[in-house]
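Visitor: Structure here, sequence nowhere to be found:
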């Protein structure tokens, strides 16, 4: 893996018909957010060739919106990533790092936000971006990291929906 994109799902509906958080689908705003961020990533020259995606409805919907912009992306879609903490997400990334040169993770807060903050700290990113991420990680936000030869994440950009 040379690049890592960590993305929070788009804005979801307030409630699911089932009453279960897991079943909440993307709101229209969430689909537009995911598309906007995917277009920005593509314009930057990024194209994931593998993904790790929570199987919750809103993360699957976000991933579908990304694929609509970028084309097909092989993925592991798992309930294990649903509301996973940063350590569980990190283990999943490490387990699948050889599955692609550019790996996309689509997950949930707070795990996604904490993982991005940890990677920013490890990669010695400046306080302006670390403080920004620690304070807020809005829906559909994607952080991009270059992975150096030693496996360290080097911050390469933050993409927010327009």
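Guide: Now that the structure is in, tell me what you want to look at. Bear in mind that the values here come from a model prediction, so they are computed numbers and not experimental data. Numbers count the residues shown, from 1 in each chain.
Visitor: Show the residue spans covered by the strands in this structure.
Guide: With strands called from DSSP state E, the chain shows them at 3-8, 50-54, 75-78, 102-107, 142-147, 153-159.
Visitor: Now do the buried residues in the shortest one.
Guide: Right, strand 75-78. Within strand 75-78, the residues that qualify as buried are 75, 77, counting by 16 or more other C-beta atoms under 10 Å. Just so you know, the C-beta spots here come from the backbone N, C-alpha and C atoms, and that holds for glycine as well.
Visitor: What average pLDDT does that strand get?
Guide: Averaged over strand 75-78, pLDDT sits at 98.
Visitor: for that strand, packing partners?
Guide: strand 50-54, helix 57-70 (3 or more C-beta pairs under 8 Å, 6 or more residues apart in numbering; DSSP states H and E).
Visitor: And the strands of the chain: which comes nearest residue 29?
Guide: strand 3-8 (13.6 Å; C-beta to C-beta).
Visitor: Can you give the contact residues for that closest one?
Guide: 37, 41, 46, 48, 62, 66, 89, 93, 101-109, 112-113, 115-116, 119, 137-147, 153, 156 (C-beta atoms under 8 Å, 6 or more residues apart in numbering).
Visitor: cutoff 6 Å now
Guide: Residues from elsewhere that reach strand 3-8, judged by C-beta atoms under 6 Å, 6 or more residues apart in numbering: 102-106, 109, 112, 116, 137, 139, 141-146.
Visitor: Specify the angle between it and strand 50-54 in degrees.
Guide: 20 degrees (axes from the mean of the first three to the mean of the last three C-alpha atoms, to 10 degrees).
Visitor: Strand 3-8 pairs with which strands, parallel or anti?
Guide: Next to strand 3-8 in the sheet, as set by DSSP bridges, lie strand 102-107 (parallel), strand 142-147 (antiparallel).
Visitor: tell me the most buried of those?
Guide: strand 102-107 (a mean of 27; mean count of other C-beta atoms under 10 Å).
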